[in-house]
Structures are given as C-alpha cells and as structure tokens.
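> Structural data only, the sequence is not supplied:
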C-alpha cells in the first residue's frame with residue numbers, strides 16, 4: 001500500500017487547449033530612442049531620419065533685441081507719468097513731514113523747561129504776565145497822550161511837554177541822561193578767571209528781556225550798541241577794560257528782573273557751573289549815573305516833516 005505525503009500536493013497540469021504566455025510577457029522591454037524605423041518598398045528596414053539641429057540665433061539679432069528692450073524700458077519710465085492722486089498724496093506727505101519737523105524743533109526748544117520745578121514754571125508764567133501788563137500799560141499811556149492832544153485847548157503846549165518827556169526817555173535809553181529808580185544789583189565774582197565775555201552779554205540780554213530800562217557795569221553805561229570782548233583779566237566793555245567782580249546796576253521792576261536771572265539753566269546757574277559766583281539783591285533805589293556822549297548819526301535822518 002502506497003503512503004501519501006501529508007503536505008506535498010501534485011502540481012496541476014495545464015489544460016491542453018490553454019494558451020501559454022510568451023516567455024517575454026510581463027518582462028519590461030527596452031524601447032530604442034528616436035523615431036521608429038520604417039520599412040521601404042522592398043520590405044527592408046530604413047534608418048530613422050534625423051532632423052537637423054536648430055541653429056543658434058545670430059549675435060546681431062540678440063543685440064538688437066536687447067537694445068529694443070532697453071528703449072522700451074526707458075520709454076516706460078521717462079518721462080514720469082504723475083497722476084492727480086499721486087500728486088495729492090505727495091503733497092500730503094510733504095505737509096506731514098513738515099509738521100513733524102516743526103513739532104520736533106519746538107519740543108527740542110522747550111526741553112530746557114521740562115526739568116524745571118513747578119515753582120520755577122509759575123515764576124516764568126508770572127514774568128510773562130508782567131511783560132504783557134507792561135505792554136498794555138504802555139498802550140494805555142500812548143492812547144491817553146493822543147486823547148490829550150486831541151482835546152487840549154492849547155495843543156502846542158501839550159505837544160511840547162510830551163516832546164520833552166519823550167526826549168528824556170530816549171536820553172535814558174541812549175545813556176546820555178542819568179537815571180534812578182527801583183531795580184537790582186547783580187554781582188559776579190570770578191576767582192578762577194573762567195568768565196567769558198559772552199556770559200556777561202547773556203546776562204545783559206536776559207535783563208533787557210525782563211524789562212530793564214537802564215544798565216551800567218563797573219561804571220560803564222550799557223546801551224543798545226554796547227559790545228563785550230575778552231575774558232578773565234582782559235574783559236572789555238565798549239573798549240573799556242573792566243575787572244572782576246562785575247557789578248551790574250539795573251533799573252527796572254525787581255519782581256521781573258530777579259526771576260529772569262534765577263530761572264533753571266539761566267545766567268546764575270551758568271556762572272556757577274564755571275566756578276563763578278553770582279548774587280542778586282533787590283533795591284528800592286538804584287542810581288545809574290554813568291553817561292555816554294551823544295552821538296550824532298552819520299546817515300540816519302528824521303523822516304518827520
């Protein structure tokens with residue numbers, strides 16, 4: 001008796017009418033590159049025709065194309081075509097930039113007041129109010145003079161009085177007439193010789209801005225055309241040598257003159273930074289008796305008829 005294997009099974013035989021797959025079916029076949037071969041009239045195989053290679057473009061044609069492209073680019077960019085909307089936007093941007101520049105400038109100009117104390121700011125505001133009040137008083141005085149001239153029975157005599165008063169005031173400003181009145185005394189000590197002429201000139205400018213009516217320094221009358229030169233031991237005012245301590249006698253409203261010198265970053269602080277000393281004293285009576293000779297103008301003449 002034959003034994004059957006437990007696992008092995010007989011291989012199935014193909015049906016006699018079943019077609020077999022060709023041996024190359026399912027196997028990739030390499031396809032030659034290029035166009036397929038063609039048969040000729042006699043049944044032979046012709047070689048595939050090859051197309052001639054494209055010739056490169058001539059150098060001259062390439063240069064002409066490049067030049068033409070540049071001309072088209074230039075003609076598109078110049079002259080610039082500005083529309084109304086672009087012009088309006090440009091003007092708005094210009095105005096915005098100008099406004100920012102002005103704002104930055106004004107901010108930088110006021111930077112010195114940012115660090116000031118509250119009482120200093122109040123004092124500066126009071127000084128500005130006093131200056132405004134002085135201008136209002138001057139306006140009222142001139143209007144009163146005009147009304148007096150218009151209503152006076154003896155207009156010639158009234159005009160003569162006002163002319164004399166005006167001459168006296170102009171003489172005080174020109175330094176040809178002595179003056180007295182309330183004011184301050186500013187004493188500047190310079191032990192280290194570090195005070196420059198421009199520092200004294202800054203003090204004069206601050207006093208004038210605060211309403212000073214008459215000023216003299218160490219016996220020299222200071223007027224509109226006065227000048228300061230030198231420094232240390234060779235300090236000069238209008239060519240006259242002056243030595244420290246420099247004593248300023250100033251006629252004006254003390255309540256305006258003293259704060260003008262003591263503001264933050266003002267004359268007193270600037271002098272103290274240069275190792276100088278500065279003291280301000282108020283007085284009910286200041287005498288300014290230094291005189292300047294009357295100077296006749298060479299070219300200017302009165303325009304009144």
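Done, it's in. Being a predicted model, the structure only gives us computed values, none of them experimental. Residues are numbered from 1 along each chain as shown.
> Double-check that residue 181 belongs to a helix.
No - counting by DSSP: H, G, I helix; E, B strand; the rest coil, residue 181 is not part of a helix but strand.
> List of residues touching stretch 256-274?
Outside stretch 256-274, the residues within contact range by C-beta atoms under 8 Å, 6 or more residues apart in numbering are 112-113, 115-117, 120, 123-124, 126-127, 130-131, 183-184, 186, 188, 192, 194-195, 199, 202-203, 206-207, 209-212, 250, 277-278, 280, 282. Any C-beta I mention is one placed from the backbone N, CA and C, and that applies to glycine too.
> The same query, at a cut-off of 6 Å, please.
Stretch 256-274 is contacted from outside by 112, 116, 120, 123, 127, 130, 184, 194, 202-203, 206, 210-211, 250, 278, 280, using C-beta atoms under 6 Å, 6 or more residues apart in numbering.
> farthest-separated two in those?
The largest separation in those, counting by C-beta to C-beta, is between 130 and 194 at 32.9 Å.
> if we can go back for a sec, which PyMOL command selects the buried ones in the contacts of stretch 256-274?
Applying 16 or more other C-beta atoms under 10 Å to the contacts of stretch 256-274 leaves a buried subset, and the PyMOL line that selects it is:
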select buried, resi 120+123+127+130+184+202+203+206+210+211+250+278+280
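> Check which element follows the helix of greatest length in the chain along the chain.
In the chain, taking DSSP state H as the definition, the longest helix is helix 118-151. Per DSSP states H and E, the first helix or strand lying C-terminal to helix 118-151 is helix 155-174.
> buried ones in that next one?
Buried residues in helix 155-174 (16+ other C-beta under 10 Å): 158, 172, 174.
> repeat for stretch 278-289
Buried positions in stretch 278-289, judged by neighbour count with 16+ other C-beta under 10 Å: 278, 280, 286, 288.
> Please state the mean pLDDT value computed over the longest helix of the chain.
On average, the pLDDT along helix 118-151 is 80.
> Output the contacting helices and strands for it.
Helix 118-151 sits against helix 155-174, helix 254-262, with contacts defined as 3 or more C-beta pairs under 6 Å, 6 or more residues apart in numbering; DSSP states H and E.
> Centre of the chain to the helix or strand following the shortest one, how far?
Spelled out, it's helix 254-262. Counting by DSSP H and E, the next helix or strand C-terminal to helix 254-262 is helix 267-273. Here helix 267-273 shows a centroid-to-chain-centroid distance of 27 Å under the convention C-alpha atoms, centre = their mean, to the nearest Å.
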